[in-house]
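Trainee: from the sequence below, what's the structure:
(one chain, ligands or ions: 1)
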Amino acid sequence: MDAFADPISHFDAWFAEARASEPNDPNAMAVASLDETGLPNLRMVLMKAYDAEGLVFYTNFESAKGRELLGQRKAAALFHWKSLRRQVRLRGAVSIVSDAEADAYFASRPRDSRIGAWASAQSRPLQGRFELEAAVAKYAARFAIGEVPRPPHWSGFRIHPETVEFWADRPFRLHDRLVYRRDADGTGWITDRLYP
Ligand SMILES: Cc1cc2nc3c(=O)[nH]c(=O)nc-3n(C[C@H](O)[C@H](O)[C@H](O)COP(=O)(O)O)c2cc1C
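Mentor: Okay, the predicted model is just below:
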């Protein structure tokens, strides 16, 4: 595996291949957080944007992951592209996207998804499907006319990678591993190869 100048260029190349070959959701990544006792928690999300700053996903800030990431402000994330037999893993600090960025993404979602963001008290107990459908009906009536605004508890997190590892399958488990780490002044990247 060749090293690129930075992990974003490397990710660009691999993500393009994943988009071409994955049957669905090439942007799906597992995001790990820690609860208040230090116990790791993990779930899939959809990465909606990435650039040199980091990778962005959107969620309910009152969900388990919302509360955990607001508390610890650190995350690890992992992509596994089965069709390519590759993984990308990264770790770093977490920030909240700007209101303007969250508004723009929220406005791009289908109307029913925007209603759903109001109706779902994500990660809290649900008595039954009817309770959720009643909440959807309530907010559909409330926002029957005009735009559906972004709920105050719904926004995006940006994970700012400090390390990014690219892993590619090779025969006989002699896989390729290449890690990019932020250099001492935080402006560039250094690379290391690791035993599989
Ligand atoms: C492929 C896939 C993509 C998902 N994308 C998101 C997402 O972008 N945002 C989100 O809040 N939940 C997403 N979910 C649901 C989460 O995995 C999770 O069930 C939910 O967010 C509650 O997690 P929590 O209780 O840890 O907060 C996705 C699930 C799957 C399987």
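
Trainee: how about the residues of the protein near the ligand?
Mentor: 25, 28, 41, 43-46, 57-60, 63-65, 122-123 (Cβ under 6 Å from any ligand atom). (Each C-beta comes from the backbone N, C-alpha and C, glycine too.)

Trainee: restricted to strands, list those residues.
Mentor: 28, 41, 43-46, 57-60 (DSSP state E).

Trainee: and the buried ones among these, selectable in ChimeraX?
Mentor: Selection of buried members from those for ChimeraX, criterion 16 or more other Cβ atoms under 10 Å:
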select :28,45,57,58,59,60
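
Trainee: so which of the ones in strands among the residues of the chain next to the ligand comes closest to Arg19?
Mentor: Ala28 (11.9 Å; Cβ to Cβ).

Trainee: so the closest one sits against Phe79, correct?
Mentor: Yes. Applying Cβ atoms under 8 Å, one finds Ala28 in contact with Phe79, separated by 7.4 Å.

Trainee: overlap in contacts, these two.
Mentor: Met47 (Cβ atoms under 8 Å, 6 or more residues apart in numbering).

Trainee: and Val94, helix, strand or coil?
Mentor: In three-state terms, and counting by DSSP: H, G, I helix; E, B strand; the rest coil, Val94 is strand.
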